[in-house]
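>>> Coordinates only, no sequence provided:
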């Protein structure tokens, strides 16, 4: 039986939301590989910084990460030293890429979205060289319109990555669900005009993610998949 009142016209159904995912700590379990890689890069440069302070900056662009390090340590670095530091992080992380695996439920979540006709992509503040090997591990198509740090002027917490992801999907940012694991993801999502959803799999607490305006917080991708209806995604 129809739920419409007699004489009423059916309203046009709004489009289903598209999804733009962060990568590290959101779809793949790589946060601590990044933490250790930054720790080793900083040690090479003779910069002492506690591991927990490094973790709090994961999700930022490399440039903002280094600015935060300089602020906290009081050590000034010139442009050449900054570039060497970022290159050293990339080198150490590349040696650990083989260790990185998808977070529980991530491939299944992406397959489900594809099966029910939901557009999705990945937007990461990592470089393409580090991000591309993750696509095969996630079962994502090689031609996925992924956005990486190489393609935008500014990374998180600026909105550029998520705006570019929405553009590649051909959708308005206001109809995008951004899924991330850090407060930097959620700040960038809000600035993009998108709905932010948080995951605990990157190490941030639920209260922190909610204070950064996460609409919902789930444990990891598999938990999000279990509750996917809460985000307006219907079955096939």
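Received it, and whenever you're ready, just let me know what you need. Because the structure is a prediction, the values reported are computed rather than measured.
>>> what comes up buried for the lowest-mean-pLDDT helix or strand in the chain?
Across the helices and strands of the chain, the lowest-confidence element by mean pLDDT, DSSP states H and E is helix 62-73, at a mean of 84. Buried residues in helix 62-73, counted by 16 or more other Cβ atoms under 10 Å: 62, 64, 65, 66, 68, 69. Any C-beta I mention is one placed from the backbone N, CA and C, and that applies to glycine too.
>>> Name the nearest residue to the last one, ignoring sequence neighbours.
Same thing as residue 69. Closest residue to residue 69 apart from its sequence neighbours, by Cβ to Cβ, 6 or more residues apart in numbering: residue 49 at 6.1 Å.
>>> Over to the third one?
Of all residues not flanking residue 65 in the chain, residue 57 sits nearest, at 4.9 Å (Cβ to Cβ, 6+ apart).
>>> I'd say that neighbour and residue 66 touch.
No. The criterion here is Cβ atoms under 8 Å, and residue 57 misses it with residue 66 at 9.3 Å.
>>> residues touching residue 35, list them.
51, 54, 55, 58 (Cβ atoms under 8 Å, 6 or more residues apart in numbering).
>>> for residue 119, same thing?
By Cβ under 8 Å, 6+ apart, the contact list for residue 119 reads 18, 19, 169, 170, 171.
>>> tell me the mean pLDDT for the longest helix seen in the chain?
Secondary structure of the chain read by DSSP state H shows that its longest helix is helix 79-94. For helix 79-94, the mean pLDDT works out to 89.
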